[in-house]
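>>> Structure of the sequence below:
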Amino acid sequence: MTTYRNIHGRSIQALSTDPTEDVSEGQIWYNTTSDTFKTVLVNVAWSSASPISGSARYGVGSLGSQTANVIAGGSTLPFGTVTQAEEYNGSGWSSLPSIGTARYFLAGTGTNTAGVIFGGNYPARKNETEEWNGSSWSEQNNLNTARRLPGGSGSQTDALAVAGDQGPSATVTADVEEYNGTSWSEQNNIPTAVRGGASAGTSSSNSMFFGGYTGTARVSNNFEYDGTNWTTGGSLNTARNGLMGSGTQTSGLAFGGQTPSATTATEQYNGTSWTNVPSMGTAAYTGGGSVGAGTGTAALQSTGRTPPISSATEEFTTSANIITAGAWSSGGSMGTGRYRMNGQNVGTKDAGMAVGGRGGGPAVTYSLVEEYDGTSWSEVNNMPTSLDFTATAGIQTAAVQFAGYGGPGAGPNPAPGGDRKAATNEYDGTNWTNTGAYPASTNGLSGAGTQTAGLGFGGTSPGGVSNVTAEYDGSTWTASNNMGTGRDSLGGAGIQTAALAIGGAPSPTATEEYDGTNWTTGGVLPTGSNSTGTGGTQTNALLFGGNVAPDTIVLGYDGTSWSTRPSISTARYGGTNGNSTTSGAYYAGGGGSPPTRQTTEEFTPESTTINVKTLTQS
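Residues are numbered from 1 along each chain as shown. Next up, the predicted model:
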């Protein structure tokens with residue numbers, strides 16, 4: 001008698017809880033708690049990912065894989081072309097050196113360390129070819145035929161440029177050229193002349209080209225190449241042009257496109273036929289795919305016409321896991337809307353805190369303190385002095401507040417004005433206690449660490465923008481080595497012995513890292529930043545919002561470089577935030593339009609769970 005063990009080489013396990021890892025597709029186990037048999041099924045889905053860091057655009061050249069992708073060029077509306085290039089590392093996008101020739105409707109293929117882009121448009125059809133070596137772009141020998149909207153597949157030393165249209169009359173072509181790493185040579189044409197089709201394949205001999213527009217109709221054609229000749233493969237279920245592609249002849253993916261409206265349709269190819277699979281979240285065409293190093297089971301889509309144009313990114317995954325993308329969600333509203341709380345790094349999204357700040361009219365400074373429990377904000381005992389631009393560090397039940405700017409009153413609504421302060425106050429979850437003075441009367445500084453191991457840095461003192469750094473041991477401040485660059489309204493993250501100083505004026509793209517003794521230069525921010533929210537550690541930090549457009553931006557830091565993360569929903573600056581972990585990050589209050597806000601946003605990082613299904617009889 002055949003048994004499950006005979007077939008699969010293992011017995012059915014009896015487990016009290018479902019496994020969370022190391023489970024194969026189709027594996028079966030018996031859950032003794034629920035008295036059910038369970039298994040793991042493949043999950044096929046698109047999930048949203050971090051937006052690109054540069055301008056929203058369409059018509060980019062794309063190369064690489066789902067977790068190591070490069071886009072180059074493209075167009076902003078109405079017809080502006082760019083030389084921007086960006087790289088995706090599986091978490092977010094970061095800027096790369098610009099390409100040599102601005103253009104859009106170009107093609108690309110290869111990997112993120114050995115890629116090639118070619119063709120394109122504006123103001124005329126282009127034949128330029130550029131290679132990417134992982135650090136720079138270099139001009140190469142041109143295509144024999146200038147064209148826009150070609151398909152691209154293969155590697156840097158074995159690439160195909162397929163079809164497209166030629167100018168100035170937009171004549172579609174069936175022309176195919178092959179690149180050997182040095183020059184282009186004419187090859188056998190595809191059977192049907194089109195523009196805006198998609199390619200897939202990691203070499204010329206396993207490439208295919210599908211979809212497109214003949215000038216009068218969109219087609220579902222699919223042609224496969226063996227290195228010499230083209231043969232007809234299985235047709236797409238949905239005729240379209242401007243679509244994106246990934247994979248190979250035996251494991252391909254077609255997604256998005258124009259039908260004539262933008263579509264989310266996604267199809268998987270098994271070497272014989274196309275099957276409809278779950279659609280993209282956002283319809284798009286002429287965006288970036290993961291051609292070259294991409295697969296039919298793990299792909300990336302970015303940018304495109306939606307319309308109008310997009311900076312969005314989505315990942316396609318076929319696995320036994322369900323991936324939930326990182327995202328911001330709405331939390332409870334503060335009792336009193338206010339801003340100028342940047343530099344406050346207390347607690348987490350389940351135990352947050354807002355201290356002082358400014359709001360109302362005319363520019364009222366508060367001594368007000370509110371605590372957050374993950375659902376709602378509530379007023380607690382006021383701090384001793386009305387302050388804004390003050391710094392805080394620690395947790396909700398053991399915080400330290402130091403320096404700032406404000407009036408002398410202790411009530412919630414003193415007259416506007418005042419001066420810089422040096423006072424330090426500790427909070428025990430109920431009461432405030434004065435513990436001395438910060439080394440200088442300062443406002444606009446930032447803080448990190450805990451109540452007994454705190455750090456203060458930057459800001460503005462009577463002498464101007466400050467680079468002063470001081471460490472706190474729970475009772476006194478001790479001067480430490482100064483930052484390399486004095487800055488005001490900067491962000492901070494980390495602990496006393498491993499901190500970050502981020503952005504601020506007058507050096508809005510600067511990052512410095514502190515090791516407990518000295519500051520050293522860190523990764524440069526891709527966009528200027530001040531009055532931002534921050535969270536996390538020196539090697540896993542978030543920066544969000546700020547007073548520099550785009551003011552919904554979120555960036556992540558890995559200890560070396562910054563890249564994009566999912567955006568916050570509400571543009572704002574100068575809010576209060578949590579600082580201990582990225583998973584506990586929150587952003588509350590802040591200025592913008594309207595002038596002060598009461599809203600809270602909470603961050604949940606990407607998570608992965610096994611796709612467990614209960615077996616039933618039917």
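>>> quick one, what contacts Asp551?
Contacts here follow Cβ atoms under 8 Å, 6 or more residues apart in numbering; on that basis Asp551 touches Gly545, Ala571, Arg572, Tyr573, Gly592. Backbone N, C-alpha and C define where each C-beta goes, glycine included.
>>> can you give me phi and psi for the third one?
Okay, so that is Arg572. Reported as degrees, to the nearest 10, the phi and psi values for Arg572 are phi -170, psi 170.
>>> Spit out the contact partners of it.
By Cβ under 8 Å, 6+ apart, the neighbours of Arg572 are Tyr339, Gly545, Asp551, Tyr587, Gly589, Gly590, Gly591, Gly592, Arg597, Thr599.
>>> before we move on, what about the last one?
Applying Cβ under 8 Å, 6+ apart to Gly592 gives the contacts Tyr339, Asp551, Thr570, Ala571, Arg572, Tyr573.
>>> State the distance from it to Thr599.
10 Å (Cβ to Cβ, to the nearest Å).
>>> The third one too?
Arg572 sits at a distance of 8 Å from Thr599 (criterion: Cβ to Cβ).
>>> and what of the second one?
Separation of Ala571 from Thr599 (Cβ to Cβ): 11 Å.
>>> surely Gly535 meets Gly575?
No. Between Gly535 and Gly575 there is no contact, the gap being 11.7 Å when judged by Cβ atoms under 8 Å.
>>> When the two are compared, which one has more neighbours?
Gly575 (34 against 26; other Cβ atoms under 10 Å).
>>> how close does the more buried one sit to Thr582?
17 Å.
>>> circling back to that earlier point, list the residues that contact both of Gly592 and Thr599?
Common neighbours of Gly592 and Thr599 (Cβ under 8 Å, 6+ apart) are Thr570, Arg572.
>>> Tell me the confidence at the residue nearest to Thr581 when sequence neighbours are not counted?
With Cβ to Cβ, 6 or more residues apart in numbering as the criterion, Thr581 has its nearest non-adjacent residue at 6.1 Å, and that residue is Gly536. Predicted confidence (pLDDT) for Gly536: 94.
>>> Gly536 - how many residues pack around it?
23.
>>> what does Thr375 give?
9.
>>> what do you get for Ser330?
11.
>>> Mind jotting down where the strands sit in the stretch 301-450 of the chain?
For the stretch 301-450 of the chain, applying DSSP state E, counting those that start in this stretch gives strands covering 313-319, 321-324, 327-330, 344-348, 351-355, 358-359, 364-365, 369-372, 377-379, 391-395, 398-406, 419-427, 432-442, 446-449.
>>> I'd like to know which of the ones you listed is closest to Val465.
When the strands of the stretch 301-450 of the chain are compared by Cβ to Cβ, strand 432-442 sits nearest Val465, at 10.2 Å.
>>> Parallel or antiparallel, which strands does that closest one pair with?
strand 419-427 (antiparallel) (DSSP bridges).
>>> how about the residue lying closest to Thr600 once chain neighbours are set aside, what does it touch?
In this structure, Thr600 finds its nearest non-sequential neighbour in Gly331, 3.5 Å apart by Cβ to Cβ, 6+ apart. Residues in contact with Gly331 (Cβ under 8 Å, 6+ apart) are Lys349, Tyr372, Gly374, Thr375, Tyr586, Ala588, Thr599, Thr600, Glu601, Glu602.
>>> Can you give me the domain boundaries for the protein?
Domain assignment for the chain, taken from automatic domain parsing, gives 53-206+283-318, 332-598.
>>> how distant is the last one from the center of its chain?
Same thing as domain 332-598. Taking the mean of its C-alpha atoms, domain 332-598 sits 23 Å from the chain's own mean (Cα atoms, centre = their mean, to the nearest Å).
>>> what does the first one give?
In terms of Cα atoms, centre = their mean, the gap separating the centre of domain 53-206+283-318 from the centre of its chain is 21 Å.
>>> Pull up the distance across it, start to finish.
26 Å (Cα to Cα, to the nearest Å).
>>> now do stretch 28-41
Per Cα to Cα, stretch 28-41 runs 10 Å from first to last residue.
>>> And stretch 78-93, by the same measure?
Terminal residues of stretch 78-93 lie 24 Å apart, using Cα to Cα.
>>> what does stretch 463-479 give?
End to end - Cα to Cα - stretch 463-479 spans 17 Å.
>>> ok, and for it, which residues are buried?
Neighbour counts using 16 or more other Cβ atoms under 10 Å place Val465, Ser466, Asn467, Val468, Thr469, Ala470, Glu471, Tyr472, Trp477 of stretch 463-479 among the buried residues.
>>> shouldn't the fifth one be in contact with Gly486?
Think Thr469. No. Look at Thr469 against Gly486 with Cβ under 8 Å: they stay out of range, at 10.5 Å.
>>> Distance to Ala239 and pLDDT added to the contacts of Gly592, as a markdown table?
Shown next, in a markdown table, are the contacts of Gly592 (distance: Cβ to Cβ, whole Å; pLDDT from 0 to 100):
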| residue | distance to Ala239 | pLDDT |
| --- | --- | --- |
| Tyr339 | 52 | 91 |
| Asp551 | 41 | 85 |
| Thr570 | 41 | 91 |
| Ala571 | 40 | 92 |
| Arg572 | 45 | 92 |
| Tyr573 | 47 | 94 |
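>>> Make CSV out of these and add distance to Asn321.
CSV is the format used below for these (distance: Cβ to Cβ, whole Å):
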residue, distance to Asn321
Tyr339, 40
Asp551, 34
Thr570, 31
Ala571, 34
Arg572, 34
Tyr573, 37
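>>> Tell me which helix or strand Thr275 sits in.
strand 274-277 (DSSP states H and E).
>>> partners of that strand, with directions?
Checking strand 274-277 against DSSP bridges gives partners strand 266-269 (antiparallel).
>>> Okay, Leu542 and Thr582: tell me how far apart.
Distance from Leu542 to Thr582, by Cβ to Cβ: 5 Å.
>>> Of the two, which one has the most company?
Leu542 (28 against 22).
>>> ok, now which ones touch that one?
Counting by Cβ under 8 Å, 6+ apart, Leu542 has contacts 493, 533-536, 554-557, 565, 582, 585, 603.
>>> Parallel or antiparallel, which strands does the helix or strand hosting it pair with?
Assessed by DSSP H and E, Leu542 sits inside strand 540-544. Strand pairing for strand 540-544, using DSSP bridges, gives strand 533-537 (antiparallel), strand 554-557 (antiparallel).
>>> Turn those strands into CSV, columns for distance to Arg147.
Converted to CSV, these look like this (distance: least, Cβ to Cβ, whole Å):
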stretch, distance to Arg147
strand 533-537, 46
strand 554-557, 37
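>>> For Ser261, find the nearest of those.
Closest among these, using Cβ to Cβ: strand 554-557, at 30.5 Å.
>>> so where's the stretch 151-300 of the chain shaky on pLDDT?
By pLDDT under 70, the stretch 151-300 of the chain contains no weakly predicted segment.
>>> Let me see the ranges of the strands in it.
Remark: strands assigned in the stretch 151-300 of the chain by DSSP E, counting those that start in this stretch are 151-155, 158-166, 171-179, 184-187, 198-200, 208-210, 222-225, 230-232, 244-247, 252-255, 266-269, 274-277, 298-302.
>>> Turn these into a markdown table, columns for distance to Asp388.
Shown next, in a markdown table, are the strands of the stretch 151-300 of the chain (distance: least, Cβ to Cβ, whole Å):
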| stretch | distance to Asp388 |
| --- | --- |
| strand 151-155 | 54 |
| strand 158-166 | 57 |
| strand 171-179 | 60 |
| strand 184-187 | 62 |
| strand 198-200 | 54 |
| strand 208-210 | 59 |
| strand 222-225 | 63 |
| strand 230-232 | 68 |
| strand 244-247 | 48 |
| strand 252-255 | 49 |
| strand 266-269 | 50 |
| strand 274-277 | 52 |
| strand 298-302 | 40 |
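>>> Fine by me, thanks again.
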